[in-house]
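**Q** how would this look folded up:
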Amino acid sequence: MAFNLPCMRAPKKAGEKLPPWRVALMRSRTHYLGVIYAPDEKAAEAAAIVEFKIADEQRRRLIVRSDD
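**A** Just a heads-up that it's a prediction; the model follows:
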């Protein structure tokens, strides 16, 4: 299954900056995975699933928050 997600690419122009989103996985302690640049939370979650190879059973533990 291939995803074509433009949110995983760097912005093309300086005016098109995408906001950063923190991605973590809840375990006994929260495990920080990294930062994703995406236009909204849903796109950030989809990009994180692909980039960090999150399995189906772990997706309910995925945390995506804006990194202001």
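
**Q** and residue 46, which of the three is it?
**A** helix (DSSP: H, G, I helix; E, B strand; the rest coil).

**Q** any chance you could map the strands in this protein?
**A** 20-26, 30-37, 62-66 (DSSP state E).

**Q** Dump those into JSON lines; add mean neighbour count, mean pLDDT and distance to residue 51 as well.
**A** Every residue, glycine included, has its C-beta placed from N, CA and C. Formatted as JSON lines, these follow (neighbours: other Cβ atoms under 10 Å; pLDDT from 0 to 100; distance: least, Cβ to Cβ, whole Å):
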{"stretch": "strand 20-26", "mean neighbour count": "18", "mean pLDDT": "96", "distance to residue 51": "8"}
{"stretch": "strand 30-37", "mean neighbour count": "15", "mean pLDDT": "95", "distance to residue 51": "7"}
{"stretch": "strand 62-66", "mean neighbour count": "15", "mean pLDDT": "95", "distance to residue 51": "12"}
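
**Q** Of all those strands, which one is nearest residue 48?
**A** Proximity to residue 48 (Cβ to Cβ) singles out strand 20-26 among these, at 4.3 Å.

**Q** from the middle of its chain, how far away would the closest one be?
**A** Put simply, strand 20-26 sits 7 Å off its chain's centre (Cα atoms, centre = their mean, to the nearest Å).
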